[in-house]
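# Pasted the sequence and its predicted model underneath.
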Amino acid sequence: MRVDTTLPGNRVGDEVVRAVNGLTKRWAATIQDGTVFSAAGVWPLLALLADGASGPARAELSEAIGLPADQAAGAARELLGALGGLPGVGSAVGLWTKRTVQVVPEWEAGLPAEAHGVLTGDLGADRRALDAWAAHRTGGLIDRMPATLDEDTELVLAGALTMRTRWLSPFDEVPLETAYEPWAATERLGLRHRSTLLDGVGVADTPHGWVTELKVPGTDVLDVHLLLGEEGTAPGRVLGAGVDLLHGPRTVVPGSRLPYGEAGPGLRVVEERCPAPAPPLLDVLTAAYEITADHDLLQRPELFGLTTARDTRQGHFPGISGFPLAVGSAAQSALARFGALGFHAAAVTTVGAYGAGMPPLRHVRRRVDAVFDRPFGFLALHRHSRLVLAAGWVTDPVPFRRHPEDSWDDE
């Protein structure tokens, strides 16, 4: 039976999903250390800007989003509508302008109802209003809007995206035993899970070496994929391989078909003796993590199609307003939390415009040990469409807490 991979709601198809995931891959290629980011949180804003832009700015934004500019607004609205209809996912867009900025009605009509607010010019009051919006739209996960506000700010376009899922099979909290010295110096919170579903893990041969992929299924068809590359492989290459595995032709060899012995990064397959007939076993050990990150998108304007749009000598968005506008700031604040019971992620993105004793052992079974005990990547996604909602690289797991009242997971 064919599985429908479009998002529900407005039926966003594979073209848009690939475009958003393409931005995820390109962004991932730029990271060097532990972080979390959401291309799905940036993409709709860039698409809305592309719709209202002209000249070179329009062409650069179109290239960044991977769609023609004349299709951008419709795709952004469909994506936002579909995300808003997904259980466990929250999505919102907000626009604030000074009273002197008259927004083109046709462009504004494409925004969600009641999305348009006012910048009063009182920087303290405007900052409090934007921060309150960010906190409300992310359920308190992010309490401050990453917007630069000053007397020259004429317009702020913002997006919020959240994802919450509970594991279908929770993990047990254990101390993480690892020989990786930066983590071994402080006892870390490990998460262990045992299952008979060997194919939850697999290994892929990628252009940059072997990559182990572990799928952690959650409620509301929201999953997290953990990705472990060969030692020394750059984070962006591991994450990029993970994105390719969502769409590309390369095959992941599942746990049930892996050879005995060291089968891939962090993977070992053995014959385990046991006292009675037993099903095969997948034994997973990973690390709990919480990551927050702030990104100045203008540090890499070419990645987001904002090179020309920063030029304040002229306006670039006549389709948004007759008032000449240029991009003065663009930023994202993001969070990812992976615990024994589930996963949370949130991102708020803004663009400001200026003027993640045994009895006898007579039987054997196949056991696959999967251990993520050194830096690894993650992709949080919608299972059927394979749209990546958040991605990141784990370098500093949560410390182990020995007292129940100090439990880290607040699911």
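That came in fine, so what should we check first?
# Could you pull out the helices in the stretch 201-350 of the chain for me?
Remark: helices assigned in the stretch 201-350 of the chain by DSSP state H, counting those that start in this stretch are 235-247.
# gap between stretch 67-86 and the chain center?
18 Å (C-alpha atoms, centre = their mean, to the nearest Å).
# now it: mean pLDDT?
Mean per-residue pLDDT for stretch 67-86: 91.
# What residues sit buried inside that stretch?
67, 69, 71-73, 75-83, 86 (16 or more other C-beta atoms under 10 Å). In short, each C-beta sits where N, CA and C put it, glycine included.
# One more: stretch 319-327?
Buried positions in stretch 319-327, judged by neighbour count with 16+ other C-beta under 10 Å: 319-321, 323-327.
# ditto for stretch 183-194
Across stretch 183-194, burial judged by 16+ other C-beta under 10 Å covers 183, 188-191, 193.
# try stretch 109-116
Going by 16+ other C-beta under 10 Å, stretch 109-116 has these buried residues: 110-111.
# how long is it end to end?
Terminal residues of stretch 109-116 lie 10 Å apart, using C-alpha to C-alpha, to the nearest Å.
# Could I get the average pLDDT for it?
When pLDDT is averaged over stretch 109-116, the result is 81.
# Over to stretch 396-411?
The average pLDDT for stretch 396-411 rounds to 65.
# Hmm, Ala129 is touching Asp122, no?
No - contact criterion C-beta atoms under 8 Å: Ala129 and Asp122 do not qualify, at 9.6 Å.
# the more surrounded of those two?
Set side by side, Ala129 and Asp122 show more neighbours around Ala129, with 17 against 10, by other C-beta atoms under 10 Å.
# In a helix, the more buried one, correct?
Yes - using DSSP: H, G, I helix; E, B strand; the rest coil, the assignment for Ala129 is a helix.
# Once you drop chain neighbours, what's closest to it?
Using C-beta to C-beta, 6 or more residues apart in numbering and skipping residues adjacent in sequence, the residue nearest Ala129 is Gly117, 7.1 Å away.
# what residues are up against that neighbour?
94-96, 129 (C-beta atoms under 8 Å, 6 or more residues apart in numbering).
# distance of it from Trp133?
Applying C-beta to C-beta, to the nearest Å, the value for Gly117 to Trp133 is 8 Å.
# What of Pro68?
31 Å.
# From the buried residues of stretch 183-194, which land in strands?
Using DSSP state E, 188-191, 193 are the members of those that sit in strands.
# Is it possible to get those out as JSON lines so that each row also shows pLDDT and distance to Leu48?
Below are those laid out as JSON lines (pLDDT from 0 to 100; distance: C-beta to C-beta, whole Å):
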{"residue": "Arg188", "pLDDT": "93", "distance to Leu48": "41"}
{"residue": "Leu189", "pLDDT": "94", "distance to Leu48": "40"}
{"residue": "Gly190", "pLDDT": "95", "distance to Leu48": "42"}
{"residue": "Leu191", "pLDDT": "96", "distance to Leu48": "39"}
{"residue": "His193", "pLDDT": "95", "distance to Leu48": "41"}
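# Mutual contacts of Gly117 and Trp133, please.
Common neighbours of Gly117 and Trp133 (C-beta under 8 Å, 6+ apart) are Gly94.
# Which residue ranges of the stretch 251-400 of the chain form strands?
For the stretch 251-400 of the chain, applying DSSP state E, counting those that start in this stretch gives strands covering 252-254, 261-264, 267-274, 281-287, 289-296, 326-338, 342-354, 363-371, 376-382, 388-394.
# Output the ones you listed in JSON lines; the columns should cover distance to Val174.
JSON lines is the format used below for the strands of the stretch 251-400 of the chain (distance: least, C-beta to C-beta, whole Å):
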{"stretch": "strand 252-254", "distance to Val174": "26"}
{"stretch": "strand 261-264", "distance to Val174": "23"}
{"stretch": "strand 267-274", "distance to Val174": "18"}
{"stretch": "strand 281-287", "distance to Val174": "8"}
{"stretch": "strand 289-296", "distance to Val174": "15"}
{"stretch": "strand 326-338", "distance to Val174": "15"}
{"stretch": "strand 342-354", "distance to Val174": "17"}
{"stretch": "strand 363-371", "distance to Val174": "12"}
{"stretch": "strand 376-382", "distance to Val174": "17"}
{"stretch": "strand 388-394", "distance to Val174": "17"}
